[in-house]
Each structure stands twice: as structure tokens, then as C-alpha cells.
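> 3D, please:
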Amino acid sequence: MELWYSLVSLLPFEWAQPGTMYFMKHALLAVLVISPLFGILSTMVVHSRMSFFSDALGHSAFTGMAIGALCGFNEPSWAAVIFAILFALLFNLVRRRSALASDTVIGVFSSTAVALGIFLSTLGGRSFTKFNNLLIGDILSVEPAKIGLLALILVLVVLLWAGSFNQLMLSAVHPALADSRGIRVFWQETVFSMAIAVVVTLSMTWVGLLVINSLLVLPAASARNVARNMAQYHLISLLGAVAAGVAGLMTSYYIGASAGAAITLYLAVWFLITFLLRKKG
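Down below sits the predicted model:
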């Protein structure tokens, strides 16, 4: 972290000065790690028409947090990660073996997960207020250890994306054709879903459950408006996510607003700009 502190001290901000406001320096590093993750995963989510899947995963992660708290875990977020992974696996299994549309299956799982989470968190007359921070998030509370974990996940996601990009895209566009070419569609989708589950769960407490789905939709939706090929599509999505992440954090710090909401609003403005710049016809 000392190298990061030295690099940040070169920035022209009062909080960047050496020996001060480490929480802001940690938050900036977290944004620079989380934003590329959302930018990359966003392209897969939008291309696979799974825009509400991350929302359902957020609900499942909330349920996992409630289970972890109920069991007395010191770190309930690990229970949330495990529950979200199991949720993603079960979701893909049901979707694969059911004739129901994906959005219908997502609706079933999402509503069940949030109901279970509320039931468990209020069981025995407990107060729901201790989970309020999950709804809004607080990126200034991020810890260096969690940033390191997310950085490792970023590397793994990039490797997954680079090694399985063609298979993932073909599986999303034409599953039957992908199957006929020997691609294990179920496991491709499951690994992809589990990657989203881990990222959503670990970043939920910093970004906020209420807006986390938009961070997995808006970057790629904006890129799709102006991109002319797949390379531009992914690059614009990634760069837009990073730019909105940094701008949202700075805005949050200086005006005292929620960082997750600020990032989302910047992404919404970016979507509007790209929509107006799109090639018509």
C-alpha cells in the first residue's frame, strides 16, 4: 500500500497529502479495481440479456448476510458469497431444465431471495435497521484486504474473459449451436454467473444494493450505442465505468452524497450522451 500512497500523494487534492485521509485513498483504489470489473462483466450481462440477474444476486447476497448474522459469523459477507454462488448455480440449473423464460426465472429467484432475507433478518423481533447500510453502501469504509481480494478477482475475470470470450458470446447468442460445437454452455454460463455473484456480493456493502444492478447494465448499454465492433464495445464499457467511478467518488466526497448513487448518475448521463451520439438508421 505504501507505493499506492506515494502515487496518490502526487494528486493535487488536500486528501491526497501524505499521512492524511487514508480512507479516501483506499476508496479511490477500490473504485479503480471495482470499475473495470463492472465494465467487463457489464458487456457479458447485456449481451446475454441478463440485466436483472445482478439484481437478483444482490437480493441473494443480502439473504446470505442475514444468514451469516443469524449464525453469529464475525464476517457475514463470506456467508453471503457462498449463498450467492449457490444461488447462481441453482438459477442456471433451473433455467437450463425449465421452459420458462430467463426473466421469469430471475423474478422467481429474486422475490424468493429478498423475502427470505427479510424474514431471517427480522426473525425473533430483530430490527432490520442494522442492514440499512447494505441498501446505500459506504465506499469510504473499504478495507485494504478486501481491495486486494477484488484485485485478484479482477485478474481472474480478465483471464476468464480472454480465454472464454468466443464461447461465452456464442453461448449467449445461440446456445444450441454452441452445444453442437462442443461448448459446455451450462458450465460456461455457471462460471460467468458465479463470477458476477462474487463481485456483486463483495462490492454490495460499498456500492449499495439499490444501485448495484445499474453498474452492471449502464456501462455496456452506453457502449452499445456508439460502438462499431466488439473491441470498441468492451473498451468503451470499461473506460466509461472507470471514468464514472472516479467522478462519482470525487463528487461524493466534496458534496457529501452517496458514492454509489453518484457513480450511477454519471453512468446515466454517459448513457444519454451516447444515445444522442448513436448512429441512426
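
> low-confidence ranges in the stretch 51-200 of the chain?
Residues of the stretch 51-200 of the chain that meet the criterion pLDDT under 70 lie in 127-133, 165-166, 168-179, 181, 185.

> what is the longest helix of this protein by residue count?
Using DSSP state H, we find that the single longest helix of the chain is helix 144-173.

> and it, what does it pack against?
Contacts defined by 3 or more Cβ pairs under 8 Å, 6 or more residues apart in numbering; DSSP states H and E place helix 144-173 against helix 22-47, helix 175-180, helix 185-207. The C-beta positions use only the backbone N, C-alpha and C, and glycine is treated the same way.

> among those, which is nearest Ala84?
With Cβ to Cβ, the closest approach to Ala84 among these belongs to helix 185-207: 3.9 Å.

> would you list the helices and strands packed on helix 144-173 in TSV and tack on mean neighbour count and distance to Ile263?
Listed next are these as TSV, based on neighbours: other Cβ atoms under 10 Å; distance: least, Cβ to Cβ, whole Å:
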stretch	mean neighbour count	distance to Ile263
helix 22-47	23	8
helix 175-180	13	33
helix 185-207	23	7
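
> which one of these lies closest to Thr122?
For Thr122, the closest of the helices and strands packed on helix 144-173 is helix 185-207, at 19.3 Å, according to Cβ to Cβ.

> report all helices and strands that the helix or strand that that closest one is followed by contacts.
Elements were assigned by DSSP states H and E; along the chain past helix 185-207, the next helix or strand is helix 212-215. The helices and strands touching helix 212-215, judged by 3+ Cβ pairs under 8 Å, 6+ apart, are helix 53-70, helix 185-207, helix 259-277.

> would you turn these into TSV with distance to Ala16?
Below are the helices and strands packed on helix 212-215 laid out as TSV (distance: least, Cβ to Cβ, whole Å):
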stretch	distance to Ala16
helix 53-70	32
helix 185-207	20
helix 259-277	17
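
> so which of the ones you listed comes closest to Met24?
Nearest of these (Cβ to Cβ): helix 259-277, 10.7 Å.

> send the alpha carbons of that closest one over as PDB?
This file holds the C-alpha atoms of helix 259-277, laid out as PDB (Å, rounded to 0.1, in the frame of the first residue of the first chain):
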ATOM      1  CA  ALA A 259     -20.800   7.300  -3.900                       C
ATOM      2  CA  GLY A 260     -22.900   4.500  -5.400                       C
ATOM      3  CA  ALA A 261     -25.700   6.900  -6.400                       C
ATOM      4  CA  ALA A 262     -23.300   9.500  -7.800                       C
ATOM      5  CA  ILE A 263     -21.500   6.800  -9.900                       C
ATOM      6  CA  THR A 264     -24.800   5.600 -11.200                       C
ATOM      7  CA  LEU A 265     -25.900   9.100 -12.100                       C
ATOM      8  CA  TYR A 266     -22.700   9.800 -14.100                       C
ATOM      9  CA  LEU A 267     -23.300   6.500 -15.900                       C
ATOM     10  CA  ALA A 268     -26.800   7.600 -16.700                       C
ATOM     11  CA  VAL A 269     -25.600  10.900 -18.100                       C
ATOM     12  CA  TRP A 270     -23.000   8.900 -20.200                       C
ATOM     13  CA  PHE A 271     -25.800   6.700 -21.500                       C
ATOM     14  CA  LEU A 272     -27.800   9.800 -22.500                       C
ATOM     15  CA  ILE A 273     -24.700  11.300 -24.300                       C
ATOM     16  CA  THR A 274     -24.000   8.100 -26.200                       C
ATOM     17  CA  PHE A 275     -27.700   7.700 -27.000                       C
ATOM     18  CA  LEU A 276     -27.700  11.200 -28.600                       C
ATOM     19  CA  LEU A 277     -24.400  10.400 -30.500                       C
END
